[in-house]
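>>> Can you look at this prediction? I've put the sequence above it.
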Amino acid sequence: MAFGTSHDTGQNSLTLGLSLLAGTGLTVMMIALALGVVGVNSDSVGLAFLAGTTALIVGVGAWLGVVRPWEHFDDINIPAEDEHHGHDHHDDHSQEMAIVPRDAAHPVGH
């Protein structure tokens, strides 16, 4: 798979669409609030905020209904699968850079 990932995140076009709906609702709410702060006195500002709130609630609610994150969670008590898939590859750390005290690396007065 791309970028070295091999796990299924469960994302598909439905969950993407629902998250975009919720995000659009949040954006509409922020724009309505900004217009209200600027001083636009109109019923459309209130309706825009209401429409954004509705889109946010519907998007998040439907996403929760589809994904059900409370059923699919990562249990930290169960070890993850080995990413090397059974290869006996051990990194040799003996060639790593040694930590040298500052006084030994740069003696004062020399």
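Looks like it arrived, so ask away.
>>> Quick check on Cys69: phi, psi?
You called it Cys, but residue 69 is Pro. Pro69 has phi and psi values of phi -60, psi -20 when expressed as degrees, to the nearest 10.
>>> Count the neighbours of it for me.
9 (other C-beta atoms under 10 Å). Where you see a C-beta, it was placed from the backbone N, CA and C, and this is true even at glycine.
>>> any idea how far it lies from Ala32?
For Pro69, the distance to Ala32 equals 29 Å [C-beta to C-beta, to the nearest Å].
>>> what about the protein, any weak spots by pLDDT?
For the chain, applying pLDDT under 70 flags the ranges 1-10, 82-110.
>>> ranges for the helices of it?
Taking DSSP state H as the criterion, the chain carries its helices at 13-38, 43-67, 102-105.
>>> Mean neighbour count and distance to Phe73 added to these, as TSV?
Shown next, in TSV, are these (neighbours: other C-beta atoms under 10 Å; distance: least, C-beta to C-beta, whole Å):
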stretch	mean neighbour count	distance to Phe73
helix 13-38	14	16
helix 43-67	15	11
helix 102-105	8	46
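>>> Any idea which of the ones you listed gets closest to Asp74?
Of all the helices of the chain, it is helix 43-67 that lies closest to Asp74, at 14.0 Å by C-beta to C-beta.
>>> What is that closest one packed up against?
Judged by 3 or more C-beta pairs under 8 Å, 6 or more residues apart in numbering; DSSP states H and E, helix 43-67 is in contact with helix 13-38.
>>> by how many degrees do the helix it packs on and helix 43-67 diverge?
150 degrees (axes from the mean of the first three to the mean of the last three C-alpha atoms, to 10 degrees).
>>> Which strands and helices lie in contact with helix 13-38?
helix 43-67.
>>> what's next to the helix it packs on, contact-wise?
If you take C-beta atoms under 8 Å, 6 or more residues apart in numbering as the criterion, helix 43-67 is touched by 10, 14-15, 18-33, 35-36.
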